[in-house]
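Trainee: Kindly return the folded structure for what I paste below:
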Amino acid sequence: MSEVFKEGYPKILLFSSEHCAPCKPVEDMLKRINISMFGKKLFIDKIDVSKNYMLTQQYKITSLPTLIIADKRLTLNIQEEDIIDAILYGFISSVRL
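Mentor: The predicted structure follows:
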């Protein structure tokens, strides 16, 4: 990844697919967190695995949704949407400068 941070905030790679049921709620929560807690300063690069095979292979993505920030990876397999936002915020905050 060429640029890990943008203006002091982590750059996030969100690997997903339009056919991935849990991906959309995670993307929506990530956008809400970006607006409410980070003032839209996070750079979220959504990567559709069906259209970006090489990048998917490069990062060894095996399940969706997967978020990568710097050298940290989070794959979400959570059934209860109400705790995903807390997990996402904690994950993003763990790599923030």
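Trainee: Give the buried residues for the longest strand along the chain.
Mentor: The strand that spans the most residues within the chain, counting by DSSP state E, is strand 9-16. Residues of strand 9-16 classed as buried by neighbour count (16 or more other C-beta atoms under 10 Å): Y9, P10, K11, I12, L13, L14, F15, S16. For every residue, glycine as well, the C-beta is placed using N, CA and C.
Trainee: Could you report the neighbour count for the closest residue to P10 other than its chain neighbours?
Mentor: Nearest residue to P10 in three dimensions, chain neighbours excluded: I69, at 4.5 Å (C-beta to C-beta, 6 or more residues apart in numbering). For I69, the count of nearby residues is 22 (other C-beta atoms under 10 Å).
Trainee: Next, work out how far apart I69 and Y89 are.
Mentor: Counting by C-beta to C-beta, to the nearest Å, the gap from I69 to Y89 is 12 Å.
Trainee: hang on, the earlier thing: now, among the buried residues of strand 9-16, which is nearest to S36?
Mentor: In terms of C-beta to C-beta, no member of these lies closer to S36 than Y9, at 14.3 Å.
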